[in-house]
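Novice: need a 3D model of the following:
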Amino acid sequence: MAFFSLVRMAILASVGFLVSLPFSISHAAIAVLYPDIRDPYREVVTAIMDGIKQGTTREINFHAIGDKYDRDALRETLLRQNTEVVIALGRGGFAAAQEIKLNRPVVVGALIVAPADVASGISGISLAADPDLLFAKLKAILPDIKNVSVVYNRANSEWLVSLGQSAAKRHGVRLLAYPVEDSRGAAKVYRDILANSRQSTDAIWLLPDATVVEDRVILPLILKGAWDNYLAVFSSNPAHVRRGALFSLFPDNKAMGVSIVKLAQRVLSEGGNGAASSIVPLTDLQAALNTRTADHLGLAISIEQQREFALVFPAP
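Specialist: You can find the predicted model right below:
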């Protein structure tokens, strides 16, 4: 009789263990690997991490990744903390997530990344602005735009240009895409675009890719040519607006952090089985405007409309 009681207790204990598993999974931790960098860039990372903390009630463990971090020690720490999903911020965080080989799902953020840049199953939000929102803003400011030219490197931006083709069609715009191999080829194509574009109906989209928008030579070439020919230029870099582009959409860092952690929770709830190419463009965006360029293009943008922009150049 005592034997059967012991067997019964063992069965109940086993069932109890099985029942408790979902509870332990629900308390799985999220690890955030972030680059250990100095101000002013650290302010950006801090805002993203604030958003991550705001976007979840789960346990979050933050780990700064320096140049000489201990891979084995980090891996042991993440396992000890019951880490079930890793958020990798920036190039440093992404590299560390790949190097430690934790065998946990990874969500990347705070870097320009394309689906081709990540292994199957890795999810993430690229810093590249959603083309649909870019074209929506363009049409809101310049409703008569019919054609948008974009120069791109296939290896870096084909996925973004493909999204741009669909977005342009939805907003009644024709996207003219010109693939190039390097900066020299990009400069030649930009000269052709500037020589053949028409004011009021044509615009130029600058991609977040240094091989086609090099700051020292190509960007000044584009901005001067656009100014001389009364063409609108837009991008996802507010520095371009400060130098003369009409507008840009750029990250809202705290809101982006919220979106990144919500994606991580979704991946966790799905058992870590992400899609093969689950990198998406950024939709948590703010806008920057150059009022001097707007005036030059004959646009009447009121003070009230300017308040819709997080940054206005030149500063009022």
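Novice: quickly note the distance from Gly66 to Gly92.
Specialist: Applying Cβ to Cβ, to the nearest Å, the value for Gly66 to Gly92 is 8 Å. C-betas here are computed from N, CA, C, even on glycine.
Novice: counting neighbours around each, name which of those two comes out higher.
Specialist: Gly92 (22 against 11; other Cβ atoms under 10 Å).
Novice: before we move on, the earlier item: give me the common contacts of Gly66 and Gly92.
Specialist: Common neighbours of Gly66 and Gly92 (criterion: Cβ atoms under 8 Å, 6 or more residues apart in numbering): Asp36.
Novice: secondary structure class for the residue nearest the centre of the chain?
Specialist: Nearest to the geometric centre of the chain sits Leu127, at 2.1 Å (Cα atoms, centre = their mean). Classification of Leu127 by DSSP: H, G, I helix; E, B strand; the rest coil places it in strand.
Novice: okay but it is in contact with Ile112, surely?
Specialist: Yes - in this structure, Leu127 is within contact of Ile112 by Cβ atoms under 8 Å, at 5.0 Å.
Novice: between the two, which contacts overlap?
Specialist: Pro208.
Novice: mind giving me the domain ranges of the protein?
Specialist: 8-127+254-282, 131-250+286-313 (automatic domain parsing).
Novice: for Leu176, what are phi and psi?
Specialist: Leu176 adopts backbone torsions of phi -100, psi 110, taken as degrees, to the nearest 10.
Novice: check contacts around it.
Specialist: 147-150.
Novice: same question, Leu111
Specialist: Leu111 makes contact with 89-91, 94, 126-127, according to Cβ under 8 Å, 6+ apart.
Novice: let's see it at 10 Å
Specialist: The neighbours of Leu111, taking Cβ atoms under 10 Å, 6 or more residues apart in numbering as the test, are 35, 88-94, 117, 124-128.
Novice: likewise Ser259?
Specialist: Residues in contact with Ser259 (Cβ under 10 Å, 6+ apart) are 51-52, 55, 109, 125, 252, 280, 282-284.
Novice: pull out the buried residues from the residues you listed.
Specialist: Using 16 or more other Cβ atoms under 10 Å as the burial test, the contacts of Ser259 include 51-52, 55, 109, 125, 252, 280, 282, 284 as buried.
Novice: ok, Gln81 touching His63?
Specialist: Yes - between Gln81 and His63 there is a contact under Cβ atoms under 10 Å: 9.5 Å.
Novice: anything in contact with each of those two?
Specialist: Residues touching both Gln81 and His63 (Cβ under 10 Å, 6+ apart) are Ala31.
Novice: do me a favour and get the end-to-end distance for stretch 292-310?
Specialist: Stretch 292-310 has its terminal residues 16 Å apart, counting by Cα to Cα, to the nearest Å.
Novice: right, I'll leave it there.
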